[in-house]
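Chemist: fold the following and give me the result.
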Amino acid sequence: MKGYIEERAIDIANYIIDYNATVRQTAKKFGISKSTVHKDVTDRLLQINPTLARQARKVLDVNKSERHIRGGLATREKYLHQHESEGVQE
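Modeler: Numbering: from 1, shown residues only. Here you go, the predicted structure:
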């Protein structure tokens with residue numbers, strides 16, 4: 001594996017752990033795809049630093065288990081703002 005890929009995988013894992021970041025947030029921050037983030041953390045990092053890989057995986061698993069809640073909150077916010085802009089009072 002090339003050195004920059006190993007370094008990126010470690011940087012990604014540290015970012016996820018430090019900021020409790022989602023795959024999507026991490027991909028945006030590093031300018032890479034969600035697939036690459038996932039591959040770096042689940043495959044490449046396991047070969048480089050298994051302990052760090054497990055820590056990052058824990059954060060991603062928690063985020064995955066909570067994503068339906070975040071999605072629901074985002075939808076709620078969207079509709080609340082639509083009602084406000086239309087001048088609808090509840």
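
Chemist: now the helices for this structure?
Modeler: 3-19, 23-30, 34-39, 45-48, 50-86 (DSSP state H).

Chemist: how close does the residue nearest to the spatial centre of the chain sit to residue 41?
Modeler: By Cα atoms, centre = their mean, the chain has its centre lying nearest to residue 22, at 1.5 Å. According to Cβ to Cβ, to the nearest Å, residue 22 and residue 41 sit 12 Å apart. Any C-beta I mention is one placed from the backbone N, CA and C, and that applies to glycine too.

Chemist: what sits in contact with each of these two?
Modeler: Among the neighbours of residue 22, those also in contact with residue 41 (Cβ atoms under 8 Å, 6 or more residues apart in numbering) are residue 60.

Chemist: tell me how far residue 17 lies from residue 35.
Modeler: From residue 17 to residue 35 the distance is 20 Å (Cβ to Cβ).

Chemist: which of these two has more neighbours?
Modeler: Taking other Cβ atoms under 10 Å, residue 17 and residue 35 do not tie; residue 17 has more neighbours (15 against 10).

Chemist: doesn't residue 56 make contact with that one?
Modeler: Yes: using Cβ atoms under 8 Å, residue 17 is in contact with residue 56, at 5.7 Å.

Chemist: residue 14: how many residues sit nearby?
Modeler: Neighbour tally, residue 14, other Cβ under 10 Å: 13.

Chemist: by contact count, what packs against the worst-scoring helix or strand of the chain on mean pLDDT?
Modeler: Lowest mean confidence among the helices and strands of the chain (mean pLDDT, DSSP states H and E): helix 50-86, at a mean of 82. For helix 50-86, the elements it packs on are helix 3-19, helix 45-48, judged by 3 or more Cβ pairs under 8 Å, 6 or more residues apart in numbering; DSSP states H and E.

Chemist: mind running it again at 10 Å?
Modeler: With contacts taken as 3 or more Cβ pairs under 10 Å, 6 or more residues apart in numbering; DSSP states H and E, helix 50-86 sits against helix 3-19, helix 23-30, helix 34-39, helix 45-48.

Chemist: residue 47 touches residue 39, doesn't it?
Modeler: No: using Cβ atoms under 10 Å, residue 47 makes no contact with residue 39, being 11.8 Å away.
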